[in-house]
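Asks: Everything below, folded, please.
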Amino acid sequence: MTRLTKLVAAIAVFGMLAAACAEEEGGGASATPTGGQEGIGVTACEVTDTGGINDKSFNATAWKGVTDAESAYGITGKYLESATQDDYQPNIQAFLGKCDLIVTVGFLLGDATKAAAKANRKQDFAIVDYSYDPPVKNILALTFSTDQAAFLAGYLAAGMTKTGKVGTFGGINIPTVSIFMNGFAAGVLKYNQDNGTTVEVLGWDPVKQDGTFTGDFEDQNKGRQVTESLLSEGADIIMPVAGPVGLGAAAAVQAAGNAMLIGVDTDWFVSAPEYQSIELTSVQKNMDVAVEDAIKAVIDGTFAGGTYIGTLENNGVGISEFHNFDSQVSADLKTKLDELKAGIIDGSVSVDPTDYL
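Replies: Numbering: from 1, shown residues only. I've put the predicted structure just below:
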């Protein structure tokens, strides 16, 4: 073998070893980018909440924002999964200095993200579902007025129930969960006000700001058990706000055969196709778009801390299509939902449930 041949072979081996080490060091990574080139050399890294990257909910939707940026701009995306809350801080630390943007996902990562950002002022962060007062200069808080979209889902549920009872439950009683439940209850109460009905919401008391919670975002068995309880009480439409725990709820609703489910975070008709037969709609918060926009700002050199708020007006939140149930939703109800959306946007319709009590 000639000296040149040996040199080429050595370079090739070194390249493969370096790529393997980088993959191991940076956690999960996605496929080679296929889109534009302006993001080449930019790395965006996600630290998940305990639901994991494939939770079919908020972690997965945020990750879609990273992979969309890979396709659109040629960036490199990486992630680390948090098995428990004890993983938040070390996962963030593992990405420091190696990523142009670190995206943390979930309310529970708020403190760990702030501590890392204040200790590393030159590192850019974005966090989903948390905001700071006052804002932190190197953190972009990605927040969502999900009560606006959940209001529409609640109104729809009240108009579709056959038993006069609908149900909701959460993973943990934190603001990013209860905001869904508040909006849902407000929509039901508004429907009752408009139509002289008495549709009941099981699982959430908007006055006490408390209700039914499983205590985590991982145990699908608990989701199934809670849902079976709500169904036994007469609810025929269920909205779980609990990440992967909601998949247990979907299994229970599907097994019941006479109920419907409302998904959250993303369109469950797409993300959990095995439950398409029971999916009435989903309350969506478009985290993927917000994350991709944050990455684009890093690429453009315009990234700044502060707070982004996704609303019905800017399409940051919304409800999905009715898919298989579209023909069962009356034209009058569809028209009313459009009117309510316009009213929420212009401020003439409140999404606070206490305004309807």
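Asks: Give me the mean pLDDT for stretch 303-323.
Replies: Mean per-residue pLDDT for stretch 303-323: 97.
Asks: May I see the buried residues of it?
Replies: 303, 305, 308, 310-312, 316-320, 322-323 (16 or more other C-beta atoms under 10 Å). Where C-beta positions appear, they are placed from N, C-alpha and C, glycine not excepted.
Asks: ditto for stretch 180-199
Replies: Residues 180-192, 199 are the ones in stretch 180-199 that count as buried (16+ other C-beta under 10 Å).
Asks: Please apply the same query to stretch 287-307.
Replies: Judged by neighbour count using 16+ other C-beta under 10 Å, the buried positions of stretch 287-307 are 287-299, 303, 305.
Asks: Next: stretch 90-105.
Replies: For stretch 90-105, a neighbour-count test (16+ other C-beta under 10 Å) marks Asn91, Ile92, Ala94, Phe95, Cys99, Asp100, Leu101, Ile102, Val103, Thr104, Val105 as buried.
Asks: Please put the alpha-carbon coordinates of that stretch into PDB.
Replies: Taking C-alpha atoms only, stretch 90-105 is exported to PDB below (Å, rounded to 0.1, in the frame of the first residue of the first chain):
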ATOM      1  CA  PRO A  90     -27.300  17.700  33.600                       C
ATOM      2  CA  ASN A  91     -28.900  17.400  30.100                       C
ATOM      3  CA  ILE A  92     -28.800  21.200  29.700                       C
ATOM      4  CA  GLN A  93     -25.200  21.200  31.000                       C
ATOM      5  CA  ALA A  94     -24.300  18.600  28.400                       C
ATOM      6  CA  PHE A  95     -25.300  20.900  25.600                       C
ATOM      7  CA  LEU A  96     -23.700  24.100  26.800                       C
ATOM      8  CA  GLY A  97     -21.100  25.400  24.400                       C
ATOM      9  CA  LYS A  98     -22.000  22.800  21.800                       C
ATOM     10  CA  CYS A  99     -25.300  24.200  20.500                       C
ATOM     11  CA  ASP A 100     -26.200  27.600  19.100                       C
ATOM     12  CA  LEU A 101     -29.600  27.300  20.600                       C
ATOM     13  CA  ILE A 102     -30.800  25.000  23.400                       C
ATOM     14  CA  VAL A 103     -34.600  24.400  23.400                       C
ATOM     15  CA  THR A 104     -36.000  23.200  26.700                       C
ATOM     16  CA  VAL A 105     -39.500  21.800  26.700                       C
END
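Asks: who's in contact with that stretch?
Replies: Stretch 90-105 has contacts (C-beta atoms under 8 Å, 6 or more residues apart in numbering) with 25-27, 42-49, 58-59, 62, 65-66, 78, 80-82, 88, 109, 112-113, 116, 120, 123-129, 287, 291, 294-295, 298, 303.
Asks: Ok, stretch 213-224 next?
Replies: By C-beta under 8 Å, 6+ apart, the surrounding residues in contact with stretch 213-224 are 49-51, 55, 169-173, 177, 226, 240, 242-249, 251-252.
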